[in-house]
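Novice: Fold the following.
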Amino acid sequence: QVQLVESGGGLVQAGGSLRLSCTASGNIFTINAMGWYRWYRQAPGKQREVVATITRGGMTTYQDFVKGRFTISRDNAKNTVYLQMNNLRPEDTAVYYCNANRVGPYLEVWGQGTLVTVSS
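Specialist: Just a heads-up that it's a prediction; the model follows:
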């Protein structure tokens with residue numbers, strides 16, 4: 001139905017920036033029906049955690065540990081959600097995953113993840 005592909009990860013020094021992209025493909029009606037998109041991350045040896053959320057209406061929420069540094073946005077024409085990450089810290093090192101949800105009927109889709117490594 002819908003596939004998510006992330007890109008933009010890589011190696012960056014502390015204080016640097018990266019922009020992650022998550023592009024949806026597949027059934028356009030399903031893509032447009034997704035209620036929200038989220039970026040998660042999972043660091044080595046840790047549980048996956050939510051980073052930021054953007055709803056279909058464009059409302060955004062952030063976890064405290066990225067507020068003021070990360071920005072989530074979307075380009076509906078390109079079916080793409082972005083995560084602009086500024087002032088990166090070594091503790092931001094993780095695999096970042098894109099996630100999309102539809103409430104009714106329920107549907108959840110995950111991307112394959114993209115690795116972000118921040119060196120000190």
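Novice: so what's the nearest residue to residue 113 once chain neighbours are set aside bridging to?
Specialist: Nearest non-adjacent residue to residue 113, counting by C-beta to C-beta, 6 or more residues apart in numbering: residue 95, 4.3 Å away. To be clear about C-beta, it is placed using only N, CA and C from the backbone, and glycine gets the same treatment. Per DSSP bridges, the residues bridged to residue 95 are residue 42, residue 115.
Novice: count of neighbours near residue 95?
Specialist: 18 (other C-beta atoms under 10 Å).
Novice: And the residue positioned nearest the centre of the chain, how far from residue 24?
Specialist: By C-alpha atoms, centre = their mean, the chain has its centre lying nearest to residue 39, at 2.8 Å. Distance, residue 39 to residue 24, using C-beta to C-beta, to the nearest Å: 14 Å.
Novice: before we move on, what about residue 37?
Specialist: According to C-beta to C-beta, residue 37 stands 8 Å off from residue 24.
Novice: tell me, what's touching those two both at once?
Specialist: Shared contacts of residue 37 and residue 24, defined by C-beta atoms under 8 Å, 6 or more residues apart in numbering, comprise 81, 100.
Novice: How far off centre is stretch 73-87?
Specialist: Relative to its chain's centre, stretch 73-87 lies at 8 Å (C-alpha atoms, centre = their mean, to the nearest Å).
Novice: So which bits of it are buried?
Specialist: For stretch 73-87, burial by neighbour count (16 or more other C-beta atoms under 10 Å) applies to 74, 79, 80, 81, 82, 83, 85.
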